[in-house]
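1. sequence and computational prediction follow.
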Amino acid sequence: MRVLGIDPGFERLGIAVLEKTTSGKERVLFSECFKTAPSLEFSGRLRRIGEEIEKIINTYKPNMLAMETLFLNTNQKTAMRVAEARGVVLLKAAEAGLKIFEASPPEVKAAVAGDGRADKKQMMKMVKMLLKMEEEKRSDDEMDAIAMALACLAQANRSL
């Protein structure tokens, strides 16, 4: 099983593709923090996000999309823009026939770290332990996308 994990945003989008191997271990096939240029009009940023997601789906052929549900923050304009970026990702996933898994940030934290109130440091430590990742620099957005995919795979394991 391959999962495309997304940490949604319109300026920075965390993207990861994880695979459950035949031995039952998870491994990262791809991860990045995709950035759109602030000089682009918002519609251009959404188009670039759609193109990037489509390219990754075509390259890695995931079975599922795992994405955080939107949580409301104090900046409603930002929340609306992130919601629109989520819509582009959901559209590309639907067009490719991917199953959709959504979870709130506390649900992802509980699945990965065992505590729905885990902080960033705890989450990073658990992700690195679970995947036996090297100490390479990855952005918070990228690590959040990896954690999202891990939460999806954990849920899939419980469903089997």
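-> Great, that's in hand.
2. check what pLDDT R117 gets.
-> At R117 the predicted local confidence, pLDDT, stands at 92.
3. surely it is in a helix?
-> No. When DSSP: H, G, I helix; E, B strand; the rest coil is applied, R117 is found to be coil, with no helix at that position.
4. need the contact list for it.
-> For R117, the contacting residues are 106, 109, by Cβ atoms under 8 Å, 6 or more residues apart in numbering. (C-beta placed from N, C-alpha, C; glycine too.)
5. one more time with 10 Å
-> For R117, the contact set (Cβ atoms under 10 Å, 6 or more residues apart in numbering) comprises 105-106, 109-110.
6. break down the chain into its strands, ranges please.
-> In chain order, the chain shows strands spanning 2-7, 12-20, 26-35, 64-68, 99-103, with DSSP state E as the criterion.
7. return the most buried member of those.
-> Of all the strands of the chain, strand 2-7 carries the top mean neighbour count, a mean of 26, counting by mean count of other Cβ atoms under 10 Å.
8. how about P38: what's its closest non-neighbour residue?
-> With Cβ to Cβ, 6 or more residues apart in numbering as the measure, E11 is the residue that lies nearest to P38, at 7.1 Å, once sequence neighbours are left out.
9. what's the span of stretch 96-114, first residue to last?
-> Counting by Cα to Cα, to the nearest Å, the length from the leading to the trailing residue of stretch 96-114 is 32 Å.
10. quick check: the residue nearest to P38 touching L46?
-> No. With contact taken as Cβ atoms under 10 Å, E11 and L46 are classed as non-touching, separated by 11.6 Å.
11. in contact with the residue lying farthest from the centre of the chain, which residues are there?
-> Residue distances from the centre of the chain (Cα atoms, centre = their mean) peak at S39, which lies 24.6 Å from the mean C-alpha position. Counting by Cβ under 10 Å, 6+ apart, S39 makes contact with R45.
12. check the gap between it and M80 for me.
-> Going from S39 to M80 by Cβ to Cβ, to the nearest Å gives 21 Å.
13. what does the pLDDT read for E95?
-> Per-residue confidence at E95 stands at 98 (pLDDT).
14. skipping adjacent residues, who's closest to G116 in space?
-> The spatially closest residue to G116, leaving aside those adjacent along the chain, is P106, at 3.7 Å (Cβ to Cβ, 6+ apart).
15. picking that back up, so what's the predicted local confidence for the residue nearest to P38?
-> Per-residue confidence at E11 stands at 95 (pLDDT).
16. and for it, the neighbour number?
-> For E11, the tally of surrounding residues (other Cβ atoms under 10 Å) stands at 15.
17. all good on my end, thank you.
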